[in-house]
Structure formats: C-alpha cells, structure tokens
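# What follows is a predicted protein model with its sequence.
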Amino acid sequence: MDRLKSFAYMAITLALITIASRATNNMIVTTLPPFGKYVFGFSNLFSGFLDTLIYISTFISTSYLNPLLNPIKRRKAFIISNIAIVIVLIIYFFANQYILWLVTPVAGIASGLILPNLITSASLVNERRLAEKLLGLYSTSLSISLIIGPSLESYVLKIGGSEAYRAVFIAFLPIALLGAVLSFTIRFPDISTEKRGKNALRNKGFISSILSITTYNVPFAALTAFLTIYAKTKFDLPNDVAYFSYIPFFALSFLTRSYMTIRPFKTLRLPLLVSILITICGLLGIILSPSYLTFILLMAILGIPHGSIFPMSTIMIARSTTQDERNAANSYFLAYNNILFMGVPAIVGYLSSLIGLGNAMLLLEIPVVIASIAFFVKFWSDNSLL
C-alpha cells in the first residue's frame, strides 16, 4: 500500500510540474517569433533567430551544465531555474527589442536545466513496466501542457488588443509559479557518481533515440517557429485563429500519449514505422492544403506521430541504460533536440526568403527520409530495443 501511495504521489507531482514547465516553455518558443515579427517588426529571418538563440542557450545547459552537476547540485539548479522562469516572464512583458535579446538566453538556460531532469525522474522506478508507464505519463503530461498552453494563449491573443503578445507572458505567470513550487518535490537519483560523456554517446539506446526523434522533430522545429506565421500568411487569418492551429495538433498528440500510458507498447517496431509514414505524408499535405479546414485536419493527424515518437525514443533510452547512465543519455538526447530546434528555424527562415516558407518547409522531407532509413537499417532486428 505504501509503495502504491509513493508511486501515486510521484506520478501526480511529476505530471503537474511537467504540465507547468512545458506549457510555459512551449509558450515562450512559439510566441517569440510572432512577438518579434508583429511587435518589433522583425523579418522572418530574425524572428527565427530568436528561437535559435533560446535553443542555443538551452543546448549549452542541457549538454554541458546538466551532465556536469552531481544529483545534489543538479537539484538546486533545477529549483533555481524554475524560479528564474517566473522572473523571465515578467521581464518579457516589459521588454524592448534590446532586452528581448538579452533575456531570451536566460530562458533557454533555465529550460535546459529543467526538462532533462523531469525525464530522468520519470525513469527512476526500478520495475521496467512501471518506469515505462511513468515515461508515458510524462509524455502525456507534455501533451496536456501543449493543449492548455495554446488554448490559453489563443484566448489572450483574442482579447488582448494591441498588447496581446505582451499579455501572454503575464497570463502564464500562475502556471510558472506552480512549477516553481513543485520543483522542491521532484525526485533525483540516489547515487553518488554518474557516468558522463562518450559512454552515453555510444549507447545504442541513445543512438536509436537520436535517429527516431530526427524523423519528427526536424519538421516539428519548423512548425513550432513558423506555424502561426505560415497559417496567417497562407489563409489570411487573424492572430487568434492562426494560433488555434496548434490545438487540434496537440489534442491528437495527447490522445496518442494517453493510450501509450494506459497500454504501453511491448514492441516499438510497427508503431514507429506507422508514425514516420504519417509524418512524411502529413507534412506534404499541410503544404499543399487548399483550405484552412484541410490544413487543420492534417495538423490534427500530424499530432499522432508527435504523440508517439518522443515517448518511444525515451523508452529506448530507458531500456538500454542503467540509472547511473540515464542522466547523461537524457541530457544529450535533449541537447540534440535543441540543436534541431536552434538550427531548423534559422535555416527555414533563411530559405523562406529565397523560395518561400512553404517550399522551405517541404525540403524538410529529405532529412526525415534519411533518418528513417538509417534507423530501420541499423535497429529493425534488435528485439531488446524494439
């Protein structure tokens, strides 16, 4: 009974802080490009660079600072980072174009010290089945946050008037405060030493997770930065309707992850293949959409691989690492995601000035196909992993 209570407490606190942290983080990275474009008059290129800047700083803290710290120091940094996010939101509200560039790296560093520790905390249960359920719950909580966040932001943009984008940052203050309070409750590994560096980079769970997440996060990095701008430009939509495009996308992601939490996949082979095929077809579809209704339906369908590929990638890491390896593997996994999220928006922003935003996003099919082939050639027959 005590074991069940302990597991339930861990599950509830993990879910709540994940919702709070990811909702706030996603709001920042999806709001910065339109905030820069429509409040300060930035071009698509410089709007994309805002997201690049936050992902560069997140990459530094995820790949260098977080693996460097022992569990005790990492816990302190985790708590401080959650408090820092609260302060950052207030600064964004009052920011001019110069302060905007200065505070954005702070938001990135703080995020890089929060998110990998939540994944590691979710996988600390010794029993594999329970650990994978917690990872499913963690991923489901991410999806809940990505429904709550865009819904709240869409509402604020609708009623906010000329200062709508600034008002968004204040609207998320209570959510960020919840994350700061709950940060004191999150479990960290009870071990004195952890493996770092190249050992984690050579682990097959890490390598497979990198290839699998590439198949989805390459296009998703572009969607995060430019979906609102693309929908607004292509279909001549008001701000709140353009931002609404995220909601059906994250709703299907949530349903997918909920199913994976209740009934974790025993084998990942077929679900991953189907998810990748949906990504390839769905990305082509949204670029060629003749109407906003078709666009919204295809965005919803793209929510399925968004819901499935990330948790399957984290499960691969959990299946192939020990507790003393897991923090480094999770940190480098998220660091790689940050590389994608800082590189793809800048590249797409630049290409959009040459060939148009839709064509630039269409070119992302190439790395998706390459990563898919590499993954299945190397890992298709690995039963312990898949």
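Sure, I can see it.
# Isn't residue 42 up against residue 48?
No. With contact defined as C-beta atoms under 8 Å, residue 42 and residue 48 do not form a contacting pair (9.1 Å). Glycine gets a C-beta too; all of them are placed from N, C-alpha and C.
# So which of these two has more stuff around it?
residue 48 (28 against 20; other C-beta atoms under 10 Å).
# For that one, give me its contacts.
By C-beta atoms under 8 Å, 6 or more residues apart in numbering, the residues touching residue 48 are 33, 225, 226, 345, 346, 348, 349, 350.
# same thing with residue 309?
By C-beta under 8 Å, 6+ apart, the contact list for residue 309 reads 212, 213, 215, 216, 272, 275, 276, 279.
# Could you say which helix or strand holds it?
Element membership for residue 309, per DSSP states H and E: helix 292-320.
# any idea of the angle the next helix or strand after that helix forms with helix 292-320?
Once the chain leaves helix 292-320, the next helix or strand it forms, by DSSP H and E, is helix 323-355. Angle, helix 323-355 to helix 292-320, by axes from the mean of the first three to the mean of the last three C-alpha atoms, to 10 degrees: 150 degrees.
# average pLDDT across helix 323-355?
The pLDDT scores in helix 323-355 average 82.
# just to revisit the earlier point, export the contacts of residue 48 to CSV and tack on distance to residue 99 and neighbour count?
As requested, these are exported to CSV (distance: C-beta to C-beta, whole Å; neighbours: other C-beta atoms under 10 Å):
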residue, distance to residue 99, neighbour count
33, 17, 25
225, 21, 29
226, 24, 27
345, 21, 29
346, 21, 21
348, 26, 25
349, 22, 26
350, 25, 14
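# thinking again about what came up before, would you mark the buried spots in the helix holding residue 309?
The neighbour-count check on helix 292-320 (16 or more other C-beta atoms under 10 Å) flags 292, 295-320 as buried.
# how long is stretch 352-361 end to end?
For stretch 352-361, the separation between the terminal residues is 8 Å (C-alpha to C-alpha, to the nearest Å).
# Kindly report the same for stretch 230-241.
12 Å.
# How about exporting stretch 362-378 as CSV, limited to the C-alpha atoms?
This file holds the C-alpha atoms of stretch 362-378, laid out as CSV (Å, rounded to 0.1, in the frame of the first residue of the first chain):
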residue,chain,number,x,y,z
LEU,A,362,8.8,21.0,-47.8
LEU,A,363,12.5,20.4,-48.1
LEU,A,364,12.5,19.0,-44.5
GLU,A,365,11.1,15.8,-46.0
ILE,A,366,14.7,14.9,-47.0
PRO,A,367,16.3,14.6,-43.6
VAL,A,368,13.2,12.8,-42.3
VAL,A,369,13.5,10.1,-45.0
ILE,A,370,17.3,9.7,-44.5
ALA,A,371,17.0,9.3,-40.7
SER,A,372,14.1,6.8,-41.1
ILE,A,373,16.2,4.6,-43.4
ALA,A,374,19.2,4.8,-41.2
PHE,A,375,17.2,3.8,-38.1
PHE,A,376,15.5,0.8,-39.6
VAL,A,377,18.6,-0.5,-41.3
LYS,A,378,20.5,-0.4,-38.0
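# Output the below-cut-off pLDDT ranges for this protein.
1-4, 126, 128, 161-162, 191-199 (pLDDT under 70).
# Longest helix in it, please.
Taking DSSP state H as the criterion, the chain has its longest helix at helix 2-39.
# got the angle between that one and helix 323-355?
Relative orientation of helix 2-39 versus helix 323-355 (the same axes, to 10 degrees): 20 degrees.
# Can we start the residue count at 11 from this point?
Right, with 11 as the first residue, what we last looked at is helix 12-49.
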